[in-house]
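Participant: Need a 3D model of the sequence below.
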Amino acid sequence: GCGKSTVLRALNRMNELLPGARTSGEVLFHGRNIYEPSVDPVEVRRRIGMVFQKPNPFPKTIYENIAWGARINGCKGDLDERVERSLRAAALWDEVKDKLNQNALRLSGGQQQRLCIARSIAIEPEIILMDEPASALDPIATLKIEELMTELARRYTIIIVTHNMQQASRISDYTAFLMVDEGRTGFLVEYAKTEELFVRPKDKRTEDYISVSYTHLRA
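Facilitator: Down below sits the predicted model:
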C-alpha cells in the first residue's frame with residue numbers, strides 16, 4: 001500500500017489506463033518528459049515494457065503470443081527468427097520449441113510468466129518493468145525467474161517491484177525502500193546501492209525494517 005506498483009506504472013504511463021486516475025509531475029526518459037502532450041503513450045509503452053504480477057498470456061498459441069505483440073508494434077523482419085530469439089532470451093525455447101502451436105494457457109504458471117517476458121522482449125524495449133513477477137509462483141519457478149532477470153539485466157534496464165526483501169537483496173543492483181505514513185500516503189525512505197542499503201542503511205526506519213524482517217525469518 002505504499003505505492004510501489006503506482007510508481008512503476010508511472011514510468012510508462014500505465015496509470016492513465018485506470019478509471020479515475022490523475023497524474024501530475026514529470027518522468028524524464030532520455031531527458032524528455034514522457035507526460036508532455038506531444039508524447040505518444042503507446043510509443044512510451046513500447047520502449048518501456050511491462051510484466052505484471054499475474055501471468056497474462058493471450059488466449060492464442062505460444063507462437064502468436066510473441067508474433068502478434070511484435071506485429072502490432074510495427075516490428076519488421078523475420079517473425080520466426082524473432083519468436084525464437086525472444087523465447088531463447090526468456091529461457092523458454094527448449095521447453096516449447098516443439099509445441100509453438102499449442103495454446104499458451106496450457107503452460108505452467110512459471111512458463112506463462114517467462115512467455116510474458118519473452119513477449120515484452122520481442123518488441124525490443126529499452127527498459128522492462130516487472131511488478132512482483134514471481135509472487136504468484138512456486139519456489140522453483142521463482143528461482144527460474146530470478147535467474148532469468150539476472151541474465152536479462154546484462155542487456156536491459158530492469159525495474160522490479162517486490163515486497164520480498166530477500167529477493168531484492170539477491171537480484172538487484174540498487175534498492176529503493178518505500179513506506180506509507182499514517183495518512184496512507186506512500187513515500188521514499190531511502191535509495192542506494194543494494195549492498196549499502198542492506199548492510200549500512202542511512203535511515204533508522206530502513207535499519208529497523210531490515211532487522212525486524214530478518215528476526216521473523218530466523219523465528
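
Participant: buried ones in stretch 183-193?
Facilitator: 189-190, 192 (16 or more other Cβ atoms under 10 Å). In this view, the C-beta of every residue, glycine as well, is placed from N, C-alpha and C.

Participant: could the residues you listed be laid out in CSV, adding secondary structure?
Facilitator: Output for these, formatted as CSV (DSSP: H, G, I helix; E, B strand; the rest coil):
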residue, secondary structure
189, strand
190, strand
192, strand
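
Participant: and which of the residues you listed is nearest residue 43?
Facilitator: Among those, residue 192 lies closest to residue 43 (Cβ to Cβ), at 32.1 Å.

Participant: Please identify the helix or strand for the residue positioned nearest the centre of the chain.
Facilitator: Centroid check for the chain by Cα atoms, centre = their mean gives residue 130 as the closest residue, at 1.0 Å. Per DSSP states H and E: residue 130 is located in strand 127-131.

Participant: any idea of the mean pLDDT for that strand?
Facilitator: What strand 127-131 shows for mean pLDDT is 95.

Participant: State the next helix or strand along the chain beyond it.
Facilitator: Scanning onward from strand 127-131 (DSSP H and E), the first element met is helix 139-152.

Participant: My read is that residue 142 contacts residue 136, right?
Facilitator: No. With contact defined as Cβ atoms under 8 Å, residue 142 does not count as touching residue 136 (9.5 Å).

Participant: where's residue 114, which helix or strand?
Facilitator: Going by DSSP H and E, residue 114 is in helix 109-122.
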